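*Asks:* Structure here, sequence nowhere to be found:
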């Protein structure tokens, strides 16, 4: 969805140093969405500016008004991911060794998975081995580093039984990001079962294996609902 705020210096060199009006913001959004789709279908290296403008139903001239290259557009997409991941880290609720804390963590991990799916093209591009030492690989590493730092602060403010909150945050993010990557590439099934497992492991790593609360139907847990349905009771 287009943002209401002005977009300044987020697009390419042609747009650098000036704010974009509403129409310009909508055009940039169309190009970003088209780029995201084209990178996803063709891959970053095979994608061409021609493919992007065709998908956006815009001209080459319009593309170069806002971006200097496909790499420049990719950087703007990466900025989108960075902003949304920073926002996600900030909305994580209070972590506690009880049912409420588990539900907070479980819902937050599902939000992470949704963001991962929405920007799978960008995340896959900086995760793939062939560009791990490139600018985009470093960009992805820096982005995840900031996300880890924010999560570490939340863990430090909780009652987690860990000696090093930042190291705990790094372990959790590494596990969650890699598992969502495997789901994105079809190597493991995606869905509630995956999110349940990740929540169980993350919760146990923070509060101990015996801290997992017994979920009840009153809690609204989808996990409990599914198990009850399968059990026929």
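*Replies:* Thanks, I have it. Small disclaimer: the values here were computed from a predicted structure and weren't measured.
*Asks:* what helix or strand does residue 186 sit in?
*Replies:* If you go by DSSP states H and E, residue 186 is not part of any helix or strand.
*Asks:* got it, and residue 160?
*Replies:* Short version, using DSSP H and E: residue 160 is in no helix or strand.
*Asks:* Residue 208: what's it in contact with?
*Replies:* By Cβ atoms under 8 Å, 6 or more residues apart in numbering, the residues touching residue 208 are 97, 161. (Each C-beta comes from the backbone N, C-alpha and C, glycine too.)
*Asks:* Pull up the gap between it and residue 102, please.
*Replies:* Distance of residue 208 to residue 102, computed by Cβ to Cβ, to the nearest Å: 13 Å.
*Asks:* All the helices of the protein, residue numbers only.
*Replies:* For the chain, applying DSSP state H gives helices covering 22-42, 49-56, 60-66, 70-91, 99-118, 120-127, 135-156, 165-184, 192-207, 222-231.
*Asks:* Quick check: buried residues in stretch 95-107?
*Replies:* 95, 96, 97, 99, 101, 102, 103, 104, 105, 106 (16 or more other Cβ atoms under 10 Å).
*Asks:* ok, now stretch 178-191?
*Replies:* Buried residues in stretch 178-191 (16+ other Cβ under 10 Å): 179, 180, 181, 183, 184, 190.
*Asks:* And these, which two are furthest apart?
*Replies:* Greatest spacing in the buried residues of stretch 178-191, by Cβ to Cβ: 181 and 190 (11.0 Å).
*Asks:* Would you mind confirming that residue 198 is in contact with residue 179?
*Replies:* Yes - at 6.1 Å, residue 198 counts as touching residue 179 under the criterion of Cβ atoms under 8 Å.
*Asks:* for this structure, which spans come out with low pLDDT?
*Replies:* Where the chain drops to pLDDT under 70, the residues are 1-20, 126-143, 211-233.
*Asks:* ok, back up a step: deepest of the helices of the chain, which one?
*Replies:* Stretch with highest mean neighbour count among the helices of the chain: helix 120-127 (a mean of 22; mean count of other Cβ atoms under 10 Å).
*Asks:* elements contacting it?
*Replies:* Judged by 3 or more Cβ pairs under 8 Å, 6 or more residues apart in numbering; DSSP states H and E, helix 120-127 is in contact with helix 22-42, helix 70-91, helix 135-156, helix 165-184.
*Asks:* Would you reformat these as a markdown table and include distance to residue 120?
*Replies:* Formatted as a markdown table, these follow (distance: least, Cβ to Cβ, whole Å):
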| stretch | distance to residue 120 |
| --- | --- |
| helix 22-42 | 7 |
| helix 70-91 | 10 |
| helix 135-156 | 13 |
| helix 165-184 | 5 |
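*Asks:* Let me know which of those helices is the nearest to residue 49.
*Replies:* Proximity to residue 49 (Cβ to Cβ) singles out helix 70-91 among these, at 5.6 Å.
*Asks:* From the chain's centroid, how far away is that closest one?
*Replies:* Distance of helix 70-91 from the chain centroid (Cα atoms, centre = their mean, to the nearest Å) equals 9 Å.
*Asks:* tell me the angle that helix makes with helix 22-42.
*Replies:* On the basis of axes from the mean of the first three to the mean of the last three Cα atoms, to 10 degrees, helix 70-91 is oriented at 100 degrees to helix 22-42.
*Asks:* Out of the buried residues of stretch 178-191, the closest to residue 151 would be?
*Replies:* For these, the nearest to residue 151 is residue 180 (14.9 Å; Cβ to Cβ).
*Asks:* tell me the contacts of the closest one?
*Replies:* Neighbour list for residue 180: 112, 113, 116, 117 [criterion: Cβ under 8 Å, 6+ apart].
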